[in-house]
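Asker: Build me a model:
(chains A, B, C and D)
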There are 4 protein chains.
Amino acid sequence: MNTVETTRQQMAETIRAYNLKGWSPATSTNYSFREDQQSREIFVSRSGIDKSQFQPEDFMCVDMEGRATAAYADRKPSAETLIHCVLYDLFPETTVILHSHSMYSVLMSQKYEIEIPFQGYEIQKGFDRQVTHEDRVLIPVIDNSQDMVAFSGWMRDRKEAFSNHCFVIRNHGTYAWGKNLFEAKRHLETLEYLLEVEWKALFA
Amino acid sequence: MNTVETTRQQMAETIRAYNLKGWSPATSTNYSFREDQQSREIFVSRSGIDKSQFQPEDFMCVDMEGRATAAYADRKPSAETLIHCVLYDLFPETTVILHSHSMYSVLMSQKYEIEIPFQGYEIQKGFDRQVTHEDRVLIPVIDNSQDMVAFSGWMRDRKEAFSNHCFVIRNHGTYAWGKNLFEAKRHLETLEYLLEVEWKALFA
Amino acid sequence: MNTVETTRQQMAETIRAYNLKGWSPATSTNYSFREDQQSREIFVSRSGIDKSQFQPEDFMCVDMEGRATAAYADRKPSAETLIHCVLYDLFPETTVILHSHSMYSVLMSQKYEIEIPFQGYEIQKGFDRQVTHEDRVLIPVIDNSQDMVAFSGWMRDRKEAFSNHCFVIRNHGTYAWGKNLFEAKRHLETLEYLLEVEWKALFA
Amino acid sequence: MNTVETTRQQMAETIRAYNLKGWSPATSTNYSFREDQQSREIFVSRSGIDKSQFQPEDFMCVDMEGRATAAYADRKPSAETLIHCVLYDLFPETTVILHSHSMYSVLMSQKYEIEIPFQGYEIQKGFDRQVTHEDRVLIPVIDNSQDMVAFSGWMRDRKEAFSNHCFVIRNHGTYAWGKNLFEAKRHLETLEYLLEVEWKALFA
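Answerer: As a prediction, this is how the structure comes out:
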């Protein structure tokens, strides 16, 4: 089995497991990967799939501008495909991008306008290059928009804020990415844990 | 396998999965489907089944007035069958109706008398024809009743409020429906997510 | 497979499923059944079993005073076996008794001294002979004790309060029973749902 | 299958089950066991494993100072291996050590400086030698540190406080241990339950 086939399967397993955590209700969220850091073909989940039943063949292929490649011309990519394209362009080491509609990201985004601070948690070391719980970690919050071109512009404007490989979209969810699926999962799970524990700590 | 058999199986899987989410404690909730939008035979879950073990053969057939058809004369339909009949009558495009006893619908129904408003959440797009998070969505709340004839009358009175294909019954649960199982699931999961996140946001 | 063997298997499945809900942490809780309403032999879970791995053979047999029968003389019955014996004695129609250490029963028992009232919830109909959400249901709370003889006395004193086939032990958990496993499950799940939803409603 | 192989498999099953409870987000937590109470070789989870997919072969072997043994010289032990070594040294009856990043331990550690008190809960009997719910149980809290040598010193200083076979690390998680896997699980699950129920009781 070649790398793309293996990643399709591992991604599909991850997507179904995250659905059970409640991170992709209805047909929400979308996911992508590419074969390696040089590849300009992106495998992205197609639009409107029930993630509890996501299958390896539910990925379609788009170019770096989010247009379906010839072999997938009959399929519709997810509306947020452009977010994925911009992330691969801004952070070329990335090969996997994960997304969630977690409730705690939505809740925390109602309390913090620009960025969400975390400090003192051991789990912060789950972010790449964080080596101690003592540092202050800032995760950016971006306003939601249905205008993907505008949204992408905001992302480019705040590129330097994305050093922890993730961000929150207000009243929408989270994005996290990495050099491979293993690292992208670690970043997403670290962020989701921090959002939930901090929410509970704030409103005790 | 014909369409009815396939739907029986897919519905049974959905029912068991939703039981694990805590949406059908004890023997609560009931579900239905019909073969197509013209069909006047309704397959409805029979009364008093433990939903953690629901099987395809646990559906029985009733007519549009909720009376068991000849082949199922020895079985008792669920007490709420008449709610299903009225929904198929009011919204003839419907072929699947789902129900839940989710706690957050019960809790939210204690705070809102007539309807529950949601605004600003990306997940609102899970409702058919909602295309942006910016609109205000109103989900009707109906008082609970053991008198199914009276209850059905209230539903007919408020038909125009049901444009998002779902409603809440006070201290009872939710109903959601759609043109097929995929759409009905999307409507139910969208509503359940909104109820839970809004409850948590309100009482933080 | 005879009735006892079937029930052993169905009980073991139920016990493992309830463990996943968090109702039997560590090695807590115990369960019992008997072959029929005339039987004076009780099959009770033996002491100190991890309920995530409970097997049909983890039931042992005791008499109506809680003493191991000859075939099981080498096994230790659960410390709370006497509670089961008293319930079978007080309510002779009972053939299955379930127990939980659910957190919401513990929390609610800290707020109510003598009994916990519920009113207006559709799920109340999960209790045998409750036919409407409009009635007021009272579930007794008993103080915890390590003295099983004293505890049994308190149960006998309050027999008339147990008409809904369940009660709460303070800072400990719940007991629920029924004419068969199906009914005992319905009673337990109805109680657990009510305790959780009412706790959340009270402290919103 | 010899004892080490059996324990590797049972530990791996436990680790995956606890991951589903949310106790090991990202690649957090680490676990260990040894063949018997005399053994000076410790099997410890290697660094950076996704616990949702932990396998029996993901344990490596270290000596009592935490150095990889010859057969595992190419693998990196978990950063917290030294904590495990100190626990086996301080409590020589121990053969299994479990760890969690549970949210309720993090939350409770923000409210209690030195130790967390519990009293009146039946589940307290899950701790070895606790025979009644009436006693007051004190669980020590230790400040988090990335300096494992300093951390180990604090553990040695407070040895007498560890009589319930567990402790909490501030904003990090819990450790629990036992004479075997069964007992270590019982201690960990007892502690986790107490932390959650007490948090909910405190902030109702």
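
Asker: Verify the stated contact: residue A:85 with residue A:67.
Answerer: No. If you go by C-beta atoms under 8 Å, residue A:85 and residue A:67 don't touch, sitting 9.6 Å apart. Bear in mind the C-beta positions are built from the backbone N, C-alpha and C, glycine included.

Asker: So which of the two has more stuff around it?
Answerer: Here residue A:85 and residue A:67 are set side by side on neighbour count (other C-beta atoms under 10 Å in any protein chain shown), and the busier one is residue A:85, at 24 against 13.

Asker: show me what contacts the spatially closest residue to the more buried one that is not a sequence neighbour?
Answerer: Distances taken as C-beta to C-beta, 6 or more residues apart in numbering or on different chains place residue A:66 nearest to residue A:85, at 4.9 Å, with adjacent residues excluded. Residue A:66 makes contact with A:42, A:77, A:81, A:82, A:84, A:85 under the criterion C-beta atoms under 8 Å, 6 or more residues apart in numbering or on different chains.

Asker: what does chain A put close to chain D?
Answerer: A:17, A:120-123, A:126, A:131-134, A:182, A:185-187, A:189-190, A:192-193, A:196-197, A:200-201, A:204 (C-beta under 8 Å from any C-beta of the partner chain).

Asker: Got a PyMOL select line for the buried ones in those?
Answerer: Command for PyMOL that selects the buried part of these, burial taken from 16 or more other C-beta atoms under 10 Å in any protein chain shown:
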select buried, chain A and resi 120+121+122+123+126+133+185+186+187+189+190+192+193+196+197+200
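
Asker: all helices of chain A, in order?
Answerer: A:3-20, A:81-90, A:103-109, A:148-157, A:181-202 (DSSP state H).

Asker: Do me a favour and get the end-to-end distance for stretch A:156-172?
Answerer: 19 Å (C-alpha to C-alpha, to the nearest Å).

Asker: swap that for stretch A:37-55, sorry
Answerer: Counting by C-alpha to C-alpha, you get 24 Å between the two ends of stretch A:37-55.

Asker: Tell me the most packed of the contacts of residue A:66, by neighbour count.
Answerer: Neighbour-wise, the contacts of residue A:66 (other C-beta under 10 Å) top out at residue A:84, 28 neighbours.

Asker: Show the contacting residues for that residue.
Answerer: Contacts for residue A:84 (C-beta under 8 Å, 6+ apart) come out as A:30, A:32, A:42, A:44, A:66, A:97.

Asker: Please apply the same query to residue A:76.
Answerer: A:46, A:47, A:48, A:68.

Asker: Repeat that for residue A:181.
Answerer: A:7, A:10, A:11, A:14, A:33, A:96.

Asker: measure it to chain B for me?
Answerer: 24 Å (C-beta to the nearest C-beta, to the nearest Å).

Asker: so what pLDDT did that residue get?
Answerer: Here, the pLDDT recorded for residue A:181 equals 98.

Asker: Which residues does the most centrally placed residue in chain A form beta bridges with?
Answerer: With distances taken as C-alpha atoms, centre = their mean, residue A:175 lies nearest the centre of chain A, 2.7 Å away. On the basis of DSSP bridges, residue A:175 is bridged to residue A:99, residue A:167.

Asker: That one against residue A:166, yeah?
Answerer: Yes. Shown here, residue A:175 and residue A:166 form a contact pair, counting by C-beta under 8 Å, at 6.2 Å.

Asker: Worst mean pLDDT across the helices and strands of chain A, which element?
Answerer: Here the helix or strand of chain A ranked lowest by mean pLDDT, DSSP states H and E is helix A:148-157, holding a mean of 93.

Asker: weakest of the helices of chain A in terms of mean pLDDT?
Answerer: Per-stretch mean pLDDT for these is lowest at helix A:148-157 (a mean of 93).

Asker: That one to helix A:81-90, inter-axis angle?
Answerer: 30 degrees (axes from the mean of the first three to the mean of the last three C-alpha atoms, to 10 degrees).

Asker: which outside residues touch helix A:148-157?
Answerer: A:79-80, A:82-83, A:85-87, A:90, A:142-143, A:145, A:162, A:167.

Asker: Report the buried residues of it.
Answerer: Within helix A:148-157, the residues that qualify as buried by neighbour count (16+ other C-beta under 10 Å) are A:148, A:151, A:152, A:155.

Asker: now stretch A:106-115
Answerer: Under 16+ other C-beta under 10 Å, the buried positions of stretch A:106-115 are A:106, A:107, A:108, A:109, A:112.

Asker: Give me every residue in chain A lying close to chain B.
Answerer: Proximity of chain A to chain B is confined to A:22, A:25-28, A:50, A:52, A:101, A:103, A:106-107, A:110-111, A:144, A:146, A:169, A:171-173, A:199, A:202-203 under the rule C-beta under 8 Å from any C-beta.

Asker: leaving aside the residues next to it on the chain, what's closest to residue A:17?
Answerer: Closest residue in space to residue A:17, ignoring its immediate chain neighbours: residue D:52 at 6.9 Å, by C-beta to C-beta, 6+ apart.

Asker: how far away is the one you found from chain B?
Answerer: Distance of residue D:52 to chain B, computed by C-beta to the nearest C-beta: 18 Å.

Asker: so that residue touches residue D:19, yeah?
Answerer: Yes. With contact defined as C-beta under 8 Å, residue D:52 counts as touching residue D:19 (4.7 Å).

Asker: So between those two, which is more surrounded?
Answerer: Shown here are residue D:52 and residue D:19; by other C-beta under 10 Å, residue D:19 has more neighbours (20 against 17).

Asker: ends of stretch A:176-184, how far apart?
Answerer: Across stretch A:176-184, the terminal residues are separated by 6 Å (C-alpha to C-alpha).

Asker: do stretch A:58-76 as well
Answerer: Using C-alpha to C-alpha, the end-to-end distance of stretch A:58-76 comes to 11 Å.

Asker: How far away from the center of its chain is that stretch?
Answerer: In terms of C-alpha atoms, centre = their mean, to the nearest Å, the centre of stretch A:58-76 is found 19 Å from the chain centre.

Asker: what is the mean pLDDT for that stretch?
Answerer: pLDDT averaged over stretch A:58-76 gives 94.

Asker: Now that stretch: buried residues?
Answerer: By neighbour count with 16+ other C-beta under 10 Å, stretch A:58-76 contains the buried residues A:58, A:59, A:60, A:61, A:62, A:66, A:68, A:72.
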